[in-house]
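Peer 1: Here is my input; please provide its structure:
(one chain, ligands or ions: 1)
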Amino acid sequence: MLIIGEKLSIMSKRVREAMTKKDKGPIQDIAVSQWNDGAGMIDANIGPAEDGGEDLMEWMVTTIQEAVQLPVCLDTTNYSAIEAGLKIHNNRWGKPLINSTSNDPDRFSMLELASKYNARIIGLTVGKGGLPADAEERAGIAAEIMARASEYGVQLDDLYLDPLVLQISTSQDHAIKVIQAIKMFQELNDPPMKTVVGLSNVSNGCPKLLRPVINNHFLSLLMYEGLTAAIADPVEVIPTVKTINVILGKTLYAHSYLEIS
Ligand code: THG
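Peer 2: Numbering: from 1, shown residues only. Reported below is the predicted structural model:
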């Protein structure tokens, strides 16, 4: 299970201020703690970044990789900001992950970048219009994204399918459909397709005390269905990841299993 640290996000005030001031300290502190807590990749969510997106993503990737030996997930809709990040990404710690392409024609060109820079890429199973109604519709969109990835020269092994997690407080019926979609996506190819979710989306808008409870139980169900990766807070989810890996027989039980990385 790959945990992509979610905390370097424009949604956080501390991160937003550090990005504005180009203050490396807080960015590197957060990157290092996520690494120590078990993240295998760091999400750099700079928002739409319509002005100065290239400089900002270049600065984020450099700042993060000065502090941690991990690949970066480039999280923005800004094409040129993604390209700027890919150009300076240090692939020694693993291939970068473009976040994301989808069935929206405006996002097809992200596949061009994945092919050109030998990057991995997330395929969000949404189109330009409304959200898919059920798991079958998500799988249909996933198949279209897979076909398009192949046309652009992106290997299916580098594509991570994302069903798009919605908040349970307003879209309760979507949670079970996301779990079903994770199972269905894998069946679209042999070897199975890789999958990813933005885990904390599920508990957005819920009381602070409930959020980790909902996030962790949702993650358990998704792991049971074979989820490959989650954008999440590593300090919050790593005990669940380790425990589910023991229960599913992916790691050998030891009394000290929570302490073993
Ligand atoms: N799929 C893909 N990418 C994504 C998402 C997805 N990127 C963004 C998002 N969803 C995943 N990242 C986050 C990051 C933070 C939070 C939720 C999802 C979050 N943060 C708290 C908040 O805003 O209240 C705490 C912020 C803070 O540190 O103060 O909930 O689905 N492909």
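
Peer 1: which ones are touching the nearest residue in space to P26 that is not next to it in sequence?
Peer 2: Excluding the flanking residues, the one nearest P26 by C-beta to C-beta, 6 or more residues apart in numbering is A18, at 4.2 Å. C-betas here are computed from N, CA, C, even on glycine. Going by C-beta atoms under 8 Å, 6 or more residues apart in numbering, A18 touches K24, G25, P26, I27.

Peer 1: A18 and the ligand, how far apart?
Peer 2: Relative to the ligand, A18 is positioned 12 Å away (C-beta to the nearest ligand atom, to the nearest Å).

Peer 1: re earlier: which of the contacts of A18 ranks first by neighbour count?
Peer 2: I27 (23 neighbours; other C-beta atoms under 10 Å).

Peer 1: what's next to the helix or strand containing that residue, contact-wise?
Peer 2: Element membership for I27 (DSSP states H and E) is helix 24-36. Residues outside helix 24-36 that contact it (C-beta under 8 Å, 6+ apart) are 5, 7-8, 14-15, 17-19, 42, 60, 63-64, 66-70, 233-235.

Peer 1: and the helix or strand following it, what other elements does it pack with?
Peer 2: Using DSSP H and E, the next helix or strand after helix 24-36 towards the C-terminus is strand 41-45. Judged by 3 or more C-beta pairs under 8 Å, 6 or more residues apart in numbering; DSSP states H and E, strand 41-45 is in contact with strand 2-5, helix 24-36, helix 53-67, strand 72-75, strand 97-102.

Peer 1: how about a cut-off of 7 Å?
Peer 2: Judged by 3 or more C-beta pairs under 7 Å, 6 or more residues apart in numbering; DSSP states H and E, strand 41-45 is in contact with strand 2-5, helix 53-67, strand 72-75.

Peer 1: Packed most tightly, which of those would that be?
Peer 2: Highest mean neighbour count of these: strand 72-75, a mean of 28 (counted as mean count of other C-beta atoms under 10 Å).

Peer 1: What mean pLDDT does the helix or strand just after that strand get?
Peer 2: Moving toward the C-terminus from strand 72-75, the next helix or strand (DSSP H and E) is helix 79-88. Helix 79-88 carries an average pLDDT of 98.

Peer 1: what does stretch 142-149 give?
Peer 2: Average pLDDT, stretch 142-149: 98.

Peer 1: tell me how far it is from the chain's mean position?
Peer 2: In terms of C-alpha atoms, centre = their mean, to the nearest Å, the centre of stretch 142-149 is set 18 Å apart from its chain centre.

Peer 1: and it with the ligand, contact?
Peer 2: No. Stretch 142-149 is not in contact with the ligand by C-beta under 6 Å from any ligand atom; minimum separation 12.6 Å.

Peer 1: so which of the helices and strands packed on strand 41-45 gets nearest the ligand?
Peer 2: With C-beta to the nearest ligand atom as the criterion, the ligand lies closest to strand 72-75 of those, at 5.1 Å.

Peer 1: Relative to the closest one, what are the paired strands and their orientations?
Peer 2: Sheet partners assigned to strand 72-75 using DSSP bridges are listed as strand 41-45 (parallel), strand 97-102 (parallel).

Peer 1: after the last one, next one along is what?
Peer 2: Scanning forward in sequence from strand 97-102, with DSSP H and E defining helices and strands, the next element found is helix 110-116.

Peer 1: pLDDT on the next helix or strand along the chain from that next one, on average?
Peer 2: Using DSSP H and E, the next helix or strand after helix 110-116 towards the C-terminus is strand 120-124. What strand 120-124 shows for mean pLDDT is 98.
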